[in-house]
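Participant: Below are the sequence and a predicted model; questions follow.
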Amino acid sequence: MKRIHTYFLILAALLIFSSAPAVSPSQNGNGSGDGKVSINGGSPLKINLPTKDGSVRFVIIGDTGTGSRQQHELAAVMVKARETFPYDFVLLLGDNLYGNESPADYKKKFEDVYRPILDQKVKFYATLGNHDEPAQRFYQFFNMDGKEYYRFTKGNIAFYCLNSNYLDKKQLEWLESELAKDTSEWKITFHHHPPYSSGGKHGSDSALRKVVEPIFLKYGVNAAFAGHDHFYERIKPQKGIYYFVSGAGGKLRSGDVKSNSPLTEKAFDRDMSFMLAEVVDNQLYFQVLSRTGETVDEGVLPNQRKKN
Amino acid sequence: MKVNQTQLRAALTCLVLLLAGTAGDRAEANSLGGQTDKPIATKQQKRSLALFESHVSDYLKQRERVKAKLPPLSKDATPEQIAAYQKKFVEELRAMRAGTKPGYIFNPEIAEYFRTIIKTEIPPPDKAEIRQTILEADTKGVPLKVNFPYPETKELTQIPPTLLLKLPQLPNEVKYRYVGRNLLLVDTDNNLIIDYMLDALP
């Protein structure tokens, strides 16, 4: 009897440890999240964006600041992507430095990781996450101009960086007054917390949504990019606005996207990822790449405020 | 009991005026996501708010005296410059404020004022969300000690805007932070815990 018990226990242990991790229906891709990877099996990356002269090209990545091997591997895909898709800047969606923030940490968790891109004069525009000290706004490579929230323009796009960790009345008034006079063809916001998300750990930040969404709608914001949840998700347009979560730049919360979430248009939570984006006139093209260089989502979105 | 027409008319007029007054209050709401700035209700609350603002202003004066002696921090600083600036700032400020006791800003009257705002001005569905956001943050090990730095390794709890918009506004140099159920005032640039009050969770 004792022997049967032992066999049963061994069999159960084998079954548990050999079973594949649970995969939600929203996932695709084949990255493992653990072992070392080769980018696209050594083949050139397939970039499906127009890469048109005069377009605005950028990267969107969040929750990066670990300094881990996986963050380096994902950064290598960013470097490789730039060979065929020369983007000019990066939106950094917060949690730029996890844990300590000593000079050595800035080096290990940011500068060493993105050195090849920094050397090519690619600018990073950072927002603050819940792991980021406000003093980061003075850091030379985050281009925040000493401000917790700020606006900048590129071509026909106005970008609004918000501090969603501390969205007070002053900031909301600033946002509203800036948007009210903004005549840019595209208005894009980026912040750490997502107004919409299918994350099991965090999910939609409904308190944030309650205060920003009416302003976004009133002044014609086109798209909003956020992190905080450590995966990629493209939300079904909400009241006409495009929402993305791109928070798997340095950490991954594997299997965290709620299956059958009514919000999800497309999601990927099996490996780390970042977004490439290109705005050509009235079209926003995007492509999402994983740590293996695989395309996990792509598409083109029209400017909702323009009659084509 | 018989009610004559004059009495009825007077009662209706009162009701209309009352409703109009309520509508007027609602109309004053700004467009910040429909979040209203409820007028301060009582003289006592007005007094508490003024007292709070004056205590914060006192802190800012101390802070300014220290900051004026520091070399200014550039907007494109190196990490070394940021670290050196913060270190010097916090050391000098701590020395100037040595002996400051808890309740320096959140004295019992002001703490009660905050608890009243938090209790009465946040609708129940928002309260639940706010509690969840605040309590899920990893702030274990943050010392509840006035004049000590907030540890840089610890998460800075997001203050949900539905709460933040109800609290008295602070100058940019100071921020509210939560550690568990407790509300802290923390210096934005050097992380010094300026003061705290217990039991301030909605």
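Facilitator: In hand now; what should we look at?
Participant: Hmm, residue A:98 is touching residue A:109, no?
Facilitator: Yes: judged on Cβ atoms under 8 Å, residue A:98 makes contact with residue A:109 at a distance of 7.0 Å. (C-beta placed from N, C-alpha, C; glycine too.)
Participant: so what sits against both of those two?
Facilitator: Common contacts of residue A:98 and residue A:109 (Cβ atoms under 8 Å, 6 or more residues apart in numbering or on different chains): A:65, A:66, A:250.
Participant: Going by distance to chain B, which of those wins?
Facilitator: Taking Cβ to the nearest Cβ as the measure, residue A:65 is the one of these closest to chain B, at 12.4 Å.
Participant: per-residue confidence at the closest one?
Facilitator: Note on residue A:65: pLDDT of 98.
Participant: The helix or strand encompassing residue B:56 packs against which elements?
Facilitator: If you go by DSSP states H and E, residue B:56 is part of helix B:43-67. Helices and strands touching helix B:43-67, by 3 or more Cβ pairs under 8 Å, 6 or more residues apart in numbering or on different chains; DSSP states H and E, are helix B:79-96, helix B:108-120, strand B:174-179.
Participant: would TSV of these with mean neighbour count, mean pLDDT and distance to residue A:75 be doable?
Facilitator: Converted to TSV, those look like this (neighbours: other Cβ atoms under 10 Å in any protein chain shown; pLDDT from 0 to 100; distance: least, Cβ to Cβ, whole Å):
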stretch	mean neighbour count	mean pLDDT	distance to residue A:75
helix B:79-96	17	97	19
helix B:108-120	16	95	43
strand B:174-179	22	98	32
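Participant: Show me the one of the ones you listed that comes nearest chain A.
Facilitator: Nearest of the helices and strands packed on helix B:43-67 (Cβ to the nearest Cβ): helix B:79-96, 3.7 Å.
Participant: counting contacts, what elements does the closest one pack onto?
Facilitator: Helix B:79-96 is packed against helix A:103-106, helix B:43-67, with contacts defined by 3+ Cβ pairs under 8 Å, 6+ apart.
Participant: which of those is buried the deepest?
Facilitator: Among the helices and strands packed on helix B:79-96, helix A:103-106 has the highest mean neighbour count (mean count of other Cβ atoms under 10 Å in any protein chain shown), at a mean of 18.
Participant: which other residues reach that one?
Facilitator: Taking Cβ under 8 Å, 6+ apart as the rule, helix A:103-106 contacts A:67, A:97, A:99, A:139, B:78, B:79, B:80, B:82, B:83.
Participant: mind running it again at 7 Å?
Facilitator: Counting by Cβ atoms under 7 Å, 6 or more residues apart in numbering or on different chains, helix A:103-106 makes contact with A:97, A:139, B:79, B:80, B:83, all of which sit outside it.
Participant: with those residues in mind, which one is nearest to residue B:134?
Facilitator: residue A:97 (22.2 Å; Cβ to Cβ).
Participant: Double-check that closest one against residue A:108; I have them as touching.
Facilitator: No: judged on Cβ atoms under 7 Å, residue A:97 makes no contact with residue A:108 at a distance of 9.2 Å.
Participant: Could you check which of the two has the larger neighbour count?
Facilitator: residue A:97 (26 against 17; other Cβ atoms under 10 Å in any protein chain shown).
Participant: Could I get the contacting residues of that one?
Facilitator: So residue A:97 contacts A:65, A:105, A:106, A:109, A:110, A:131, A:132 (Cβ under 7 Å, 6+ apart).
Participant: what residues are up against residue 78?
Facilitator: Because you didn't say which chain, this covers chain A. Residue A:78 sits in contact with A:59, A:117, A:274, where contact means Cβ under 7 Å, 6+ apart.
Participant: meant chain B, my bad for not saying
Facilitator: residue A:140.
Participant: backbone phi and psi for it, please?
Facilitator: phi -80, psi 160 (degrees, to the nearest 10).
Participant: Distance check, it against residue A:142.
Facilitator: 12 Å (Cβ to Cβ, to the nearest Å).
Participant: between the helices and strands packed on helix B:79-96, which gets nearest to residue A:197?
Facilitator: helix A:103-106 (27.2 Å).
Participant: Can you show me the CA trace of the closest one as CSV?
Facilitator: Output in CSV follows, covering the C-alpha atoms of helix A:103-106 (Å, rounded to 0.1, in the frame of the first residue of the first chain):
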residue,chain,number,x,y,z
PRO,A,103,23.9,56.5,-9.9
ALA,A,104,24.9,52.9,-10.3
ASP,A,105,21.2,52.0,-10.7
TYR,A,106,20.7,54.6,-13.4
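Participant: what about it, average pLDDT?
Facilitator: 98.
Participant: following it, which helix or strand comes up?
Facilitator: Next element after helix A:103-106 (DSSP H and E): helix A:112-119.
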